[in-house]
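>>> coordinates only, sequence not included:
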Ligand SMILES: Cc1cc2nc3c(=O)[nH]c(=O)nc-3n(C[C@H](O)[C@H](O)[C@H](O)COP(=O)(O)O)c2cc1C
């Protein structure tokens, strides 16, 4: 197995030393579960097929409930299965829920055309919610009940623990006994938990991440997805560490560290708890372009260094339409998670997402998700390369004037048209 030494991580040799090894794709991950295929997934021949098989787990569609309020208890997870979600990732659990103390209000929204108070479309959502505050025993009982009632559906537990090998091993063992199909590791919660060396505190430190991932992957017998924080300069580095330490998949992104706004009447920050606030995690539509950027960076690294048959990518961030999901899949995602979208639009959203994704596929004559997965990734390059390509293209088009060739060509009268002539969408 390709692993990173601490020296490689701590010194600048990290990327080159590791890439050399991985580029050969020497490490092909053996499946932990064999090939688990449920249901026929059969579609009428004219309809695009949305079903996906990821790390041996078959899902009727790529839409997955992201860890958070939409997976907090039996009732809501059952609802997600009944509405047709491809898989459900439960709210993150830890061994001792008594340490998890939430506050209310714990959400604040950003509307278009104003800061919190203006009436406009909700484009951003901030939360200072912690992981599940329900007793672990209760959550485990509900996981088991769900798997008993929905044996052919994919239930994924999300877990988080302190920097303690025995605690991680106990949690994995107990969660696996419920029959969950996979485990997502929350290395990414940006608020509350890092104060206890949990969540993003691990995801932001490659050396710590390698050690903890090593413990987890030595213990787990079901596929493991490592959920990454976007609150880091280069997200592909911890993603590489998580995969090379034995994880089958990467999930990205968790929420972005943010301050949602200041109430201009009270001068207090939002969400306001007894007059005070704390930075929280930003999600929903506004984070989608940032999530696309992070997913693109991980997907490029995975394509270059890891075997696409055995490693998976689950994209998250601001998905509310089938088009949002198509964008993630075009970058290489195998599945697409939705959290805030469900909080805003309800569980029925999966029907709209599926219809819109099918419409996109029909338009391009794609029959399956694999027909277009990763198709747009090759169109990302460096700015230097863009300049080179443009210079070559301009040379070839000599006679046809498209855009301005130099800043000296801007005019006052034609300014708007000249601006438009250089827009790509
Ligand atoms: C209220 C709320 C609670 C969340 N709780 C968790 C959690 O317990 N574990 C976790 O891994 N992610 C959690 N998340 C992050 C989401 O799973 C997701 O990564 C993030 O919100 C971006 O996706 P979205 O724009 O679809 O919400 C939470 C998000 C929200 C909004």
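Done, it's in. Source: prediction; values computed, not measured. Numbers count the residues shown, from 1 in each chain.

>>> what sits against the closest residue in space to residue 126 that isn't next to it in sequence?
Nearest non-adjacent residue to residue 126, counting by C-beta to C-beta, 6 or more residues apart in numbering: residue 260, 4.0 Å away. For the C-beta atoms, the positions are set from N, CA and C on the backbone; glycine is no exception. The contact partners of residue 260, by C-beta atoms under 8 Å, 6 or more residues apart in numbering, come to 108, 109, 110, 116, 124, 126, 269, 270, 271, 280, 282.

>>> how much space between residue 260 and the ligand?
12 Å (C-beta to the nearest ligand atom, to the nearest Å).

>>> Look up how far residue 294 lies from that residue.
Residue 260 sits 20 Å away from residue 294, going by C-beta to C-beta, to the nearest Å.

>>> Pipe the contacts of residue 260 into a markdown table and attach distance to residue 209, secondary structure and pLDDT per row.
As requested, the contacts of residue 260 are exported to a markdown table (distance: C-beta to C-beta, whole Å; DSSP: H, G, I helix; E, B strand; the rest coil; pLDDT from 0 to 100):
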| residue | distance to residue 209 | secondary structure | pLDDT |
| --- | --- | --- | --- |
| 108 | 30 | strand | 95 |
| 109 | 32 | strand | 93 |
| 110 | 31 | strand | 92 |
| 116 | 35 | coil | 51 |
| 124 | 28 | strand | 95 |
| 126 | 25 | strand | 97 |
| 269 | 31 | strand | 96 |
| 270 | 32 | strand | 95 |
| 271 | 30 | coil | 96 |
| 280 | 23 | strand | 95 |
| 282 | 22 | strand | 97 |
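
>>> Would you mind checking the residues you listed for buried ones?
For the contacts of residue 260, a neighbour count by 16 or more other C-beta atoms under 10 Å gives the buried set as 108, 109, 110, 116, 124, 126, 269, 270, 271, 280, 282.

>>> Now the last one: closest residue in space, sequence neighbours ignored.
Nearest in space to residue 282, with sequence neighbours left out and distances taken as C-beta to C-beta, 6+ apart, is residue 258 at 3.8 Å.

>>> and the one you found, what is it in contact with?
126, 279, 280, 281, 282.

>>> in a strand, that's where residue 88 is, yeah?
Yes. Looking at residue 88 with DSSP: H, G, I helix; E, B strand; the rest coil, it is inside a strand.

>>> tally of neighbours for it?
27 (other C-beta atoms under 10 Å).

>>> Distance of it relative to residue 411?
Following C-beta to C-beta, the distance that separates residue 88 from residue 411 is 57 Å.

>>> Residue 298 too?
For residue 298, the distance to residue 411 - C-beta to C-beta - is 43 Å.

>>> what about those two, which has more around it?
Between residue 298 and residue 411, residue 298 has the larger neighbour count (other C-beta under 10 Å), namely 26 against 9.

>>> tell me the pLDDT at that one?
As predicted, residue 298 sits at a pLDDT of 98.

>>> Show me which residues of the stretch 101-250 of the chain are close to the ligand?
125, 127, 129, 131, 158, 186, 189, 227 (C-beta under 6 Å from any ligand atom).

>>> what about the closest residue in space to residue 341 that isn't next to it in sequence, neighbour count?
Among residues not flanking residue 341 along the chain, residue 320 sits closest, at 4.6 Å (C-beta to C-beta, 6+ apart). Neighbours of residue 320 under the rule other C-beta under 10 Å: 20.

>>> before we move on, what about residue 167?
Neighbours of residue 167 (other C-beta under 10 Å): 15.

>>> Buried ones in the helix or strand harbouring it, by neighbour count?
Residue 167 belongs to helix 165-176 when elements are defined using DSSP states H and E. By 16+ other C-beta under 10 Å, the buried positions in helix 165-176 come out as 168, 169, 171, 172, 174, 175, 176.

>>> my guess is the residue nearest to residue 341 is in a strand, correct?
No. If the criterion is three-state DSSP, then residue 320 is coil and not within a strand.

>>> Can you give me the end-to-end span of stretch 235-252?
9 Å (C-alpha to C-alpha, to the nearest Å).

>>> What mean pLDDT does it get?
98.

>>> Check stretch 331-351 too.
98.

>>> Please apply the same query to stretch 194-202.
Here the average pLDDT along stretch 194-202 is 81.

>>> Pull the residues that contact that stretch.
With C-beta under 8 Å, 6+ apart, stretch 194-202 has contacts from 94, 99, 131, 160-163, 186-190, 192-193, 208-209, 212, 229, 231, 254.

>>> Also stretch 77-90?
Contacts for stretch 77-90 (C-beta under 8 Å, 6+ apart): 50, 52, 57, 59-67, 70-72, 132, 139, 142-143, 146, 149-150, 153-158, 181, 184, 335, 337, 342, 347-348, 350-351, 354.

>>> Would you mind listing the buried residues in the lengthiest helix in the chain?
In the chain, assigned by DSSP state H, the helix with the most residues is helix 288-305. Using 16+ other C-beta under 10 Å as the test for burial, helix 288-305 gives 288, 291-292, 294-302, 305.

>>> If you count contacts, what does that helix end up packed against?
In terms of contacts (3 or more C-beta pairs under 8 Å, 6 or more residues apart in numbering; DSSP states H and E), helix 288-305 is packed against helix 14-23, helix 236-244, strand 249-252, strand 312-316, helix 322-331.

>>> Format these as JSON lines; extra columns: distance to residue 386 and mean neighbour count.
Listed next are the helices and strands packed on helix 288-305 as JSON lines, based on distance: least, C-beta to C-beta, whole Å; neighbours: other C-beta atoms under 10 Å:
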{"stretch": "helix 14-23", "distance to residue 386": "23", "mean neighbour count": "15"}
{"stretch": "helix 236-244", "distance to residue 386": "21", "mean neighbour count": "25"}
{"stretch": "strand 249-252", "distance to residue 386": "25", "mean neighbour count": "29"}
{"stretch": "strand 312-316", "distance to residue 386": "24", "mean neighbour count": "29"}
{"stretch": "helix 322-331", "distance to residue 386": "18", "mean neighbour count": "23"}
